[in-house]
Each structure stands twice: as structure tokens, then as C-alpha cells.
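Enquirer: sequence? don't have it. structure:
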């Protein structure tokens, strides 16, 4: 298994509170991704990073921000959580020169 | 831009029967195509990938897929289903511009004894 650790694995939070999810990799891969998984939608890209301090938006980036200050860590922040952000969040990594991505175990976030 | 359509959100097969999961894609450039599998409460695991080499791609656990450019399809098959194949399967596409994956909605496979 690729060395990807997501934390926390489960979280329940209240509407309006800030939430940060962490993705940590030990593979030294250049590219890191955050996806959300919702029934009927598959996985949708939120944000991605192509290097330290280099990030870009995906198709569902509204309400989310990211930061990457070190190669190994990619943080996803919900500044003010809403019920529509209840989802399972997956981190993925990809190495330069490779086409496939490897996924973490996921974080189940519930916003009440 | 690229997109993926998976036909059928649920597929039920008998143990030992053929598994066929359908995937059609659209892409403005030659695509890279993938099938991932997700077991309950786990992340996604790569089954196989097409990257412009052989059009018939063999993957893990006895699965294979055929790239058909004329039909813009990348259907996944397994000749004989096993109970352990019960999972959700995702088709995904990327291109050579940014390699970001676009996923289909997924197909859940159940296997009947």
C-alpha cells in the first residue's frame, strides 16, 4: 500500500465551525489531491497540488481551501462547515512521470 | 475536458458468471483510462490502466478491460465472478495535460451464491 495517512478518519462537527483534514505521505510524490465522494457522483476533485506552495482548484472547490507547506503534507480546510459538505474525503498522490494515483483510506466527515 | 459515464449503478451476478461493467468516456485528447475498486470502508485500489499501449489490458484479480477508440469505451470484464468481487467499481479518465482524474459515478457489484 502507498504510504498515505489521512487524519482524522472520522469527524462530526457543527455547522459554521472550521475543520481541517490532513493528508500525510511518505512516498515523496510530487502531486497530491483532495477528492470528495458522494453517492451518485463518484469522486470529484476539490483541489490539487503540484508542489510545495503550488496548488490549484478542482471542479468543486467552493467552500474549501488547501495548503501545502511541506512535500509530505496536504491540508484541506473547510472555513465554515455546511451540511452540504458532509461527505467522505479522499486524499490521493501521484508521482511525476506516472499516470496513476494512489488513494488514502478516506475521512468521513459529518456536519450537523 | 473529459468525462466518464458508467452504465448501471448496480450489477448483480451469480458466483461463477461473467462480470461486465460498462464505461464510456469523452476526451478531447488521447485519454488515459483506469478502473479502480473500492471495498467497504476502504480507499480506492487500482485494478488496471490503459496508457496507449496494448488495447486489451489485464489487471489484478482476473479482471481485464478493452479500449475501443471507435466506441469511446473501456468496459471491464471478469470471466468468473467470485464472492470477493463484491465491491464498488469506478472508471476514470485523465489526459496528458494535467493528469487529473475524472471519475464515473460508480457501479456496485453484488455476487449471489
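Expert: Sure thing, it's come through. What you are looking at is a predicted structure, and each value in this text was computed from that prediction instead of being measured. Residues are numbered from 1 along each chain as shown, chains lettered A, B, ... in the order given.
Enquirer: chain A versus residue B:9, what's the distance?
Expert: Distance, residue B:9 to chain A, by C-beta to the nearest C-beta, to the nearest Å: 7 Å. Any C-beta I mention is one placed from the backbone N, CA and C, and that applies to glycine too.
Enquirer: give me the phi and psi for that residue.
Expert: Torsion angles at residue B:9 (phi, psi; degrees, to the nearest 10) stand at phi -80, psi -20.
Enquirer: what residues are bridge-paired with the residue most central in space within chain A?
Expert: Closest to where the C-alpha atoms of chain A average out (C-alpha atoms, centre = their mean) is residue A:34, at 2.9 Å. Following DSSP bridges, residue A:34 is listed with bridge partners residue A:47, residue A:91.
Enquirer: residues contacting it?
Expert: Residue A:34 makes contact with A:21, A:23, A:45-48, A:58, A:64, A:66, A:74, A:76, A:89-91, according to C-beta atoms under 8 Å, 6 or more residues apart in numbering or on different chains.
Enquirer: now with 6 Å?
Expert: Taking C-beta atoms under 6 Å, 6 or more residues apart in numbering or on different chains, we find residue A:34 in contact with A:46-47, A:76, A:91.
Enquirer: out of the residues you listed, who has the most neighbours?
Expert: Within the contacts of residue A:34, residue A:91 tops the neighbour count with 26 neighbours, counted by other C-beta atoms under 10 Å in any protein chain shown.
Enquirer: any regions of chain A where pLDDT drops low?
Expert: Residue ranges of chain A with pLDDT under 70: A:1-2.
Enquirer: for it, what lies in contact range of chain B?
Expert: A:40, A:42-43, A:45, A:99-100, A:103-106 (C-beta under 6 Å from any C-beta of the partner chain).
Enquirer: and the two most separated of those residues?
Expert: Using C-beta to C-beta, the two most remote members of the residues of chain A next to chain B are A:40 and A:99, lying 26.5 Å apart.
Enquirer: what distance do you get for residue B:90 to residue B:11?
Expert: When distance is defined by C-beta to C-beta, to the nearest Å, residue B:90 is 13 Å away from residue B:11.
Enquirer: more neighbours, the two?
Expert: Per other C-beta under 10 Å, whichever of residue B:90 and residue B:11 has more neighbours is residue B:90, with 25 against 17.
Enquirer: quick one: secondary structure of the more buried one?
Expert: strand (DSSP: H, G, I helix; E, B strand; the rest coil).
Enquirer: show me what contacts it?
Expert: Going by C-beta under 6 Å, 6+ apart, residue B:90 touches A:42, B:36, B:103-104, B:106.
Enquirer: before we move on, back to that, which of the contacts of residue A:34 sits closest to chain B?
Expert: Closest approach between the contacts of residue A:34 and chain B, by C-beta to the nearest C-beta: residue A:91, at 8.8 Å.
Enquirer: now for residue 66, how many residues are close by?
Expert: Chain wasn't specified; assuming chain A. 23.
Enquirer: sorry, should have said chain B
Expert: When neighbours are defined as other C-beta under 10 Å, residue B:66 has 15 of them.
Enquirer: swap in residue B:23?
Expert: Using other C-beta under 10 Å, the number of residues around residue B:23 comes to 24.
Enquirer: same question for the one 10 residues further on.
Expert: For residue B:33, the neighbour count with other C-beta under 10 Å is 24.
Enquirer: next, it: phi, psi?
Expert: Main-chain dihedrals, residue B:33, degrees, to the nearest 10: phi -130, psi 150.
Enquirer: same question for the one 4 residues further on.
Expert: Reported as degrees, to the nearest 10, the phi and psi values for residue B:37 are phi -120, psi 140.
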